[in-house]
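Participant: Give me coordinates for this.
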Amino acid sequence: MRMQGVLPTVPLIPAKKFRWTDEVVDLVELLYALDTCDCINDGEIGVEELADAFS
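Facilitator: The predicted structure follows:
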């Protein structure tokens with residue numbers, strides 16, 4: 001049996017925006033490190049996709 005309308009309506013809160021404030025090369029190294037350790041999506045994501053997600 002499904003219960004509809006039980007949970008209260010929660011307003012959506014926009015995500016906080018972040019800004020990279022260090023050298024660009026440090027961000028690139030971080031992206032390559034995340035790709036090398038396969039710690040995001042079990043390594044099924046490439047550097048290009050990571051860069052898109054961070055941009």
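Participant: And Asn52, how far from Leu31?
Facilitator: In this structure residue 52 is Asp, not Asn. Using Cβ to Cβ, to the nearest Å, Asp52 is found at 10 Å from Leu31. From N, CA and C alone the C-beta is placed, and that goes for glycine too.
Participant: what do you get for Asn41?
Facilitator: 14 Å.
Participant: More neighbours: Asp52 and Leu31, which one.
Facilitator: The neighbour count for Asp52 versus Leu31, taken as other Cβ atoms under 10 Å, is higher for Leu31 (18 against 10).
Participant: Check which helix or strand the more buried one maps to.
Facilitator: helix 24-36 (DSSP states H and E).
Participant: Show me the contact partners of that helix.
Facilitator: 20, 40, 43, 45-47, 50-51, 54 (Cβ atoms under 8 Å, 6 or more residues apart in numbering).
Participant: For ChimeraX, write a command that selects the buried ones of the residues you listed.
Facilitator: The following ChimeraX line selects those of the contacts of helix 24-36 that are buried, judged by 16 or more other Cβ atoms under 10 Å:
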select :50
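Participant: Now for the contacts of helix 24-36: which two are most distant?
Facilitator: Farthest pair in the contacts of helix 24-36 (Cβ to Cβ) is Trp20 and Gly43. Separation: 23.4 Å.
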